[in-house]
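J.: Return a 3D structure for these sequence lines:
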Amino acid sequence: MQSKTVLLASIAVILFILIYGYPIFRCLWWILEHFISKTWYFYFICIAVPLLFQVFILICTAVGFLVRSIKVRYFMYLVIDYISFDFPFLFLIIICEFIFDFSSAAHKYAWIVCISLVSLVLIYIILAHLNGVLILRKKKVNLKSSKLKQPLRIIQISDVHIGSRSTKFLNRVVKQVNILEGDIVCVTGDLVDISGVVRQNVDSDGQNPYPAMQPLANITAKCGVYLVMGNHDFVSGGKSFVKMIQHFPNVRLLQNEYIDVSLQQSAQSNQTDKQIRIVGIEDGDVYEFTGEVNNLQSSNSSLFINETSDSPYTILLHHRPHDEAWLTALNALKGDLFLAGHTHNGQIFPWHPLIYHWFSHPYGLLSVPASVVQQGNGGFNSFDRHMYVNPGTGSWGTPARTSGFGEITIITVFPE
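T.: Sure thing, here's the model as predicted:
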């Protein structure tokens, strides 16, 4: 078994070197043949440079996965950037192969084409990083519900990915969230993505056991901050993550449970307290998600029988925007709003088309009017259902973004 694993790993490494090294090899060949004759050192440069660079990338990958520290995130930036941007570059080089082989006149300008392509790719990478690092958009979404008697302001963040992103970035997110003064803050998973972040440590003053996550202690909302775990939170160490969150009493982790929260009334309002219900389901595939929803419903069946305008406005938090299952879950729990993340809206080309293939609604608001929400008894519900998929406040692997922007979502639900 061990020898088979070694063999498969060796084949994977060889394929990686050949596939990802080929564009570098071909570009060097076309550029150098214009300037130097094809002697031994011509071939040496064309072969050695791509090979050494692939080995360097593999070493960076090993460091990133084995060290698991926020301090080595730059190694992973290089790896993810290279894998993401070199892959489409490969297809451009293959197209050039056919053109240059077919036309000797075009071949004369191969070196210019290669330098131009490499320059464009580098500019593309730089712009993608600037987009991911500098822009953090605040997206406003307005909804209505007859279950509310006063506006409800929900701030959603998702996929912050501390580990890929820095403590400084987390501090920036927390400050911007606090400025928005939401009634509640919802964090829909993937707060972290490496075990080093959730591993207990002591910083220089000897007081803070989780220095990378310290800005989290400052995040606030009028009626609380609520969090569910995403797949990276589990991979980074599920139990360690739970222990880490317990160090921040201002953040409530929901693990396949619900909590009823009383809204604070404005000084001008004479209305009685109105509760909202927040349900948090841990990350899992569609079958695990559906199972946990059914378990929660059956163990609290009296809460989820009738739905009227006096029912609590219910928000369901889950990391993944499961196709159709989100709507089934809202119907089962008499929910109104499903908040998710996970997709990053593709984050970087060429992953963007794949995300749109895997998820029917990978970003933004999806609303199902009351008239088409069919219940198990064949009737129709009198309340709208909504899902909002946050494209990621942060990013995984690299700050680079070519698909949209990092986002803090501001959802305001008005009385109807």
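J.: from the middle of its chain, how far away would stretch 156-167 be?
T.: 8 Å (Cα atoms, centre = their mean, to the nearest Å).
J.: got the end-to-end distance for that stretch?
T.: 19 Å (Cα to Cα, to the nearest Å).
J.: Tell me the confidence at Gly284?
T.: Listed pLDDT for Gly284 reads 94.
J.: Now do the same contact list for the nearest residue to it once chain neighbours are set aside.
T.: Leaving aside its chain neighbours, Gly284 sits nearest to Glu292 (6.9 Å; criterion: Cβ to Cβ, 6 or more residues apart in numbering). From N, CA and C alone the C-beta is placed, and that goes for glycine too. By Cβ atoms under 8 Å, 6 or more residues apart in numbering, the contact set of Glu292 is Asn256, Ile281, Glu282, Gly284.
J.: Phi, psi for the second one please.
T.: As for Ile281, its main-chain torsions (degrees, to the nearest 10) stand at phi -110, psi 130.
J.: Neighbours of it, how many?
T.: Using other Cβ atoms under 10 Å, Ile281 has 28 neighbouring residues.
J.: Skipping its backbone neighbours, what lies nearest it in space?
T.: Spatially, and ignoring its direct neighbours in sequence, Ile281 is nearest to His318 (4.6 Å; Cβ to Cβ, 6+ apart).
J.: Touching, the one you found and Phe338? I think so.
T.: Yes - with contact defined as Cβ atoms under 8 Å, His318 reaches Phe338; the gap is 7.0 Å.
J.: in the helix or strand where the residue nearest to Gly284 lies, what counts as buried?
T.: Using DSSP states H and E, Glu292 falls within helix 286-299. For helix 286-299, burial by neighbour count (16 or more other Cβ atoms under 10 Å) applies to Phe289, Thr290, Glu292, Val293, Leu296, Gln297.
J.: min pLDDT across the residues you listed, which one?
T.: Ranking the buried residues of helix 286-299 by pLDDT, Gln297 lands last with 91.
J.: how far away is that residue from Gln150?
T.: 28 Å (Cβ to Cβ, to the nearest Å).
J.: List the buried residues of stretch 14-28.
T.: Buried residues in stretch 14-28 (16+ other Cβ under 10 Å): Ile17, Tyr20, Gly21, Tyr22, Pro23, Ile24, Phe25, Arg26, Cys27, Leu28.
J.: now stretch 383-401
T.: Residues 383-401 are the ones in stretch 383-401 that count as buried (16+ other Cβ under 10 Å).
J.: distance between the ends of that stretch?
T.: Stretch 383-401 has an end-to-end distance of 36 Å (Cα to Cα).
J.: and Leu28, what helix or strand is that in?
T.: helix 2-32.
J.: Quick one: mean pLDDT over that helix.
T.: On average, the pLDDT along helix 2-32 is 89.
J.: hmm, back to that, and of the contacts of Glu292, the nearest to Ser195?
T.: Using Cβ to Cβ, Glu282 comes nearest to Ser195 of the contacts of Glu292, at 18.2 Å.
J.: Quick check: the gap between the closest one and Gly341.
T.: 14 Å.
J.: and those two? which has more neighbours close in?
T.: Remark: of Glu282 and Gly341, Gly341 carries more neighbours, 32 against 23, as counted by other Cβ under 10 Å.
J.: Spatially nearest residue to that one, not counting backbone neighbours?
T.: Ser158 (2.9 Å).
J.: how about the one you found, what does it touch?
T.: Neighbouring residues of Ser158 by Cβ under 8 Å, 6+ apart: 187-190, 230, 319, 339-342, 390, 392-393.
J.: Likewise for Ile408?
T.: So Ile408 contacts Leu136, Arg137, Lys138, Lys139, Ile155, Gln156, Ile157, Val173, Gln176, Val177, Leu180, Thr393 (Cβ under 8 Å, 6+ apart).
J.: nearest residue to the first one other than its sequence neighbours?
T.: Think Leu136. Among residues not flanking Leu136 along the chain, Gly406 sits closest, at 4.8 Å (Cβ to Cβ, 6+ apart).
J.: Leu90: neighbouring residues, count only.
T.: 14.
J.: Give me the buried positions along the helix or strand that contains it.
T.: Per DSSP H and E, Leu90 falls inside helix 73-102. Judged by neighbour count (16+ other Cβ under 10 Å), helix 73-102 contains these buried residues: 73, 75-77, 79-86, 89, 93, 96, 100.
J.: where along the chain do the helices fall?
T.: Along the chain, counting by DSSP state H, helices occupy 2-32, 40-67, 73-102, 104-107, 110-134, 167-180, 195-198, 231-235, 238-246, 286-299, 325-333, 351-358.
J.: and the first one with helix 40-67, angle?
T.: Just to be clear, that refers to helix 2-32. Counting by axes from the mean of the first three to the mean of the last three Cα atoms, to 10 degrees, helix 2-32 points 140 degrees away from the direction of helix 40-67.
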